[in-house]
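J.: Mind looking at a prediction? Sequence and model below.
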Amino acid sequence: MTWETVIGLETHVELATKTKIFCSCTTQFGGAPNTHCCPVCTGMPGTLPVLNEKVLEFAVKAGLALNCEISRVSRFDRKNYFYPDLPKAYQISQLYLPICHDGKVDIGEGKTVRIHELHMEEDAGKLVHDPWLDQTRADYNRCGVPLIEIVTEPDFRSAEEVIAYLEKLRSTLQYLGVSDCKMQEGSLRCDVNLSVRPAGSEEFGTRTEMKNLNSFKAISRAIAYEARRQIELIEEGKRVVQETRRWDENKDATYAMRSKENAQDYRYFPEPDIPPLELSDEYIEGLRAAQPELAEAKRARYQADWGLPAYDTEMITSQKALADFFEEVVALGADPKQASNWIMGQVLGQLSAHGLEAKDMRLTPPTLAKLIALVAKGKLNRNTAVKVFEAVFADDGDVDAYIKEHGLEQVSDAGLVTAVVEQVLSANQKSVEDFKSGKEKAFGFLVGQVMRQLKGQAAPAVVNQVLREKLSQSFSPTP
C-alpha cells in the first residue's frame, strides 16, 4: 500500500521588541538566570498586564505579509496549565478571537499553504537540568517574551514542502523586521502535527504532535521518522495514539511525552485584565502602506532592472542583510553585475569560511565598492583585488593602505610592460615560433611569463595588447 503523509505546522516566533509583551522587562537573549523578570511576568499577586503596542503592530504586519484577514476586534484568553516553567499557572494567549486569520503563503511550483490563524501570546520560561547534581532549575527570563503563533492548515505532504514554507516564512519575517528568527536561540521553533493515510484517501489519520523543533535538519529527520513509525504501526495492525512527542536528536527518534491535549483541557476563558482590541481601518491601512519590499519583489526588480540571473537574485535576497549590503554597494556606484559577482563569489565564500551570517560581517559596502572601482579603473587586476578582499574582510581593513603597504597597485605603464614583453620573447623563442605556426596556447604561456615577471600586477589588457603588437611585428631579439 502507498501511504500519504499529512502535516500541519504551529510555528512560534519571538518578536524583536525591546521589552516583553505585558511589562517593561528586556527581551535580550541570555543574561544570568532570573535577572530579566519582574512581578508582572512572573505572575505575582496583585500585578496587572499592559499590552506592548509594538507587539500588536508586529503581529498585524506579519499577518498582512502572510495575506491574512486582520481582525477588527480581537481579544486575549487565559490558557490554564500547570508546569514549572509557567509561574502564573496560565499563559495569556488568543483562542476565540485571534488577531489574524485565513491567510496563505505560496511556496513555489503551484503549491499554496493556507494559514488558519496568527495569534499573539506570551512565552514561558525554561527548565535547565543539571545531570551532575540531578536537579532541574527554572529560569524565568523568557517568561513574557512576546510571541506570534502561526498555525497552518494540514496542507503539507512532505518534509521538503515544510522546509520551503519555513524558509519563506523566516525570510518574510526578517524582511519585515519583526523577528530575527534565530532558530539556535529559540526565536523560531515549530510544532509538527503529522498523520498518515492511504494515498487517495480523504479521511485524516490519527495525528501526533512533535514539540519545539528548532532546526530545519531536526524537522526533516523528525518528519521522516514519525511518518515511518506510524506506517509501521498501522501495517502491524496496531493503532496510532494521539499524543505529544519529543524529538531526541541523539537517538534520531521521537518519544511520547503526554497524551495530546485539546482546547477544553486548558479551560480557556477570556483574559479579564486586558480589554478587547479594536483596530480601525486607518490603523491597518497605515501599516499596509508602510510594509517594506520583501524578498520576492526584490528578486523580480533585480532581474528586471539589472538583468541579474535568477539564481544570483535568490542567493542575494536569501538574507535581508545581504540584500541591503548589495544595494548599498550599487548605490555607491558599483556596476550591479560586478557587485553581484563579488557577493556570489567572494562575500559568500568568506561568510562560509568564517561561519558568519551577512548581518554579522564587519566588511562594509564602501570597502567592496572601492575594490570594484579600483578594478574598473585598471588600478588593480581581479586576482590581486581578490587577495586584497580576503585580507581586509575580517576587520573591514583600509584597502588603500593595504595596497600601498604591499605594493600591489596594478602596472599600467605601457613602457614598462613593453620592456618586460621583449625580455620574455627573447627568452622564449620556441613559444614565439609555436604561436606563429598557429598554436594559440603559446600566447597564453607568454602572457603568463610576462605576468609572472611583473608579479601579477600588470593590467591584463595592456599585456595582451603589447604582446600581440610585438608578435605581429615578427619580433626578433636584439643580438
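T.: Received the coordinates, thanks. Here the structure is a predicted model, which means the values were calculated and not measured. Numbering: from 1, shown residues only.

J.: Leu371 touches Ala391, doesn't it?
T.: No. Using C-beta atoms under 8 Å as the test, Leu371 is too far from Ala391 to be in contact (10.8 Å). For the C-beta atoms, the positions are set from N, CA and C on the backbone; glycine is no exception.

J.: Among those two, which residue is more densely surrounded?
T.: Counting neighbours by other C-beta atoms under 10 Å for Leu371 and for Ala391 shows that Leu371 has the greater number, 26 against 15.

J.: Who are the packing partners of the helix or strand containing that one?
T.: According to DSSP states H and E, Leu371 maps onto helix 365-376. Packed against helix 365-376 by the contact rule (3 or more C-beta pairs under 8 Å, 6 or more residues apart in numbering; DSSP states H and E) you find helix 320-331, helix 336-342, helix 382-392, helix 399-406.

J.: ok, 6 Å please
T.: helix 320-331, helix 382-392 (3 or more C-beta pairs under 6 Å, 6 or more residues apart in numbering; DSSP states H and E).

J.: Export it to PDB, keeping only CA atoms.
T.: What follows is helix 365-376, C-alpha atoms only, in PDB (Å, rounded to 0.1, in the frame of the first residue of the first chain):
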ATOM      1  CA  PRO A 365      29.700  48.400   1.400                       C
ATOM      2  CA  PRO A 366      32.200  51.300   0.800                       C
ATOM      3  CA  THR A 367      35.100  48.800   1.100                       C
ATOM      4  CA  LEU A 368      33.700  46.500  -1.500                       C
ATOM      5  CA  ALA A 369      32.600  49.400  -3.700                       C
ATOM      6  CA  LYS A 370      36.200  50.700  -3.600                       C
ATOM      7  CA  LEU A 371      37.700  47.400  -4.700                       C
ATOM      8  CA  ILE A 372      35.200  47.100  -7.600                       C
ATOM      9  CA  ALA A 373      36.100  50.700  -8.600                       C
ATOM     10  CA  LEU A 374      39.800  50.000  -8.500                       C
ATOM     11  CA  VAL A 375      39.400  47.000 -10.800                       C
ATOM     12  CA  ALA A 376      37.200  49.000 -13.200                       C
END
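
J.: Can you check what angle separates it from helix 382-392?
T.: For helix 365-376 against helix 382-392, the angle by axes from the mean of the first three to the mean of the last three C-alpha atoms, to 10 degrees is 160 degrees.

J.: What are the buried residues along helix 365-376?
T.: Pro365, Thr367, Leu368, Ala369, Lys370, Leu371, Ile372, Ala373, Leu374, Val375 (16 or more other C-beta atoms under 10 Å).

J.: Then stretch 117-134?
T.: Glu117, Leu118, His119, Met120, Glu121, Glu122, Asp123, Ala124, Gly125, Lys126.

J.: can I get those residues in TSV with pLDDT?
T.: Shown next, in TSV, are the buried residues of stretch 117-134 (pLDDT from 0 to 100):
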residue	pLDDT
Glu117	98
Leu118	98
His119	98
Met120	98
Glu121	98
Glu122	97
Asp123	96
Ala124	95
Gly125	94
Lys126	92
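
J.: In strands, which of those appear?
T.: Among the buried residues of stretch 117-134, the ones falling in strands (DSSP state E) are Glu117, Leu118, His119, Met120, Glu121, Glu122, Lys126.

J.: can you list the domains in this structure?
T.: 3-283, 293-406, 414-472 (automatic domain parsing).

J.: mean pLDDT lowest for which of those domains?
T.: Confidence, taken as mean pLDDT, is least for domain 414-472 of the domains of the chain (a mean of 80).

J.: all strands for the stretch 151-300 of the chain, in order.
T.: If you assign secondary structure with DSSP state E, counting those that start in this stretch, the strands in the stretch 151-300 of the chain sit at 188-198, 208-213, 243-248, 253-259, 269-270, 277-278.

J.: list the helices and strands the longest helix seen in the chain packs on?
T.: Ranked by residue count and defined by DSSP state H, the top helix of the chain is helix 216-235. Secondary-structure packing of helix 216-235 (3+ C-beta pairs under 6 Å, 6+ apart): helix 159-176, strand 188-198, strand 208-213, strand 253-259.

J.: by how many degrees do it and strand 208-213 diverge?
T.: Using the same axes, to 10 degrees: helix 216-235 against strand 208-213 is 170 degrees.

J.: who's in contact with helix 216-235?
T.: Outside of helix 216-235, the residues within contact range by C-beta atoms under 6 Å, 6 or more residues apart in numbering are Trp3, Thr5, Ala159, Ile163, Leu194, Val196, Met210, Leu213, Val240, Trp247, Ala253, Thr254.

J.: List only those of those residues flagged as buried.
T.: Counted by 16+ other C-beta under 10 Å, the contacts of helix 216-235 give Trp3, Thr5, Ala159, Ile163, Leu194, Val196, Met210, Leu213, Val240, Trp247, Thr254 as buried.

J.: ok, and the closest non-adjacent residue to the fourth one?
T.: Looking back up the chat, that one is Ile163. With sequence-adjacent residues excluded and distances taken as C-beta to C-beta, 6 or more residues apart in numbering, Ile163 is closest to Phe216, at 5.3 Å.

J.: now swap in the second one and tell me
T.: In space, not counting the residues next to it along the chain, Thr5 is nearest to Ala227; the distance is 4.6 Å by C-beta to C-beta, 6+ apart.

J.: burial of that neighbour, as a residue count?
T.: Ala227 - counted by other C-beta under 10 Å - has 20 other residues nearby.

J.: For Thr313, which three-state class applies?
T.: Assigned state for Thr313: helix (three-state reduction, DSSP: H, G, I helix; E, B strand; the rest coil).

J.: Could you measure from it over to Glu296?
T.: In this view, Thr313 and Glu296 are 10 Å apart by C-beta to C-beta, to the nearest Å.

J.: Between these two, which has more neighbouring residues?
T.: In terms of neighbours (other C-beta under 10 Å), Thr313 is the more surrounded of Thr313 and Glu296; the figures are 22 against 15.
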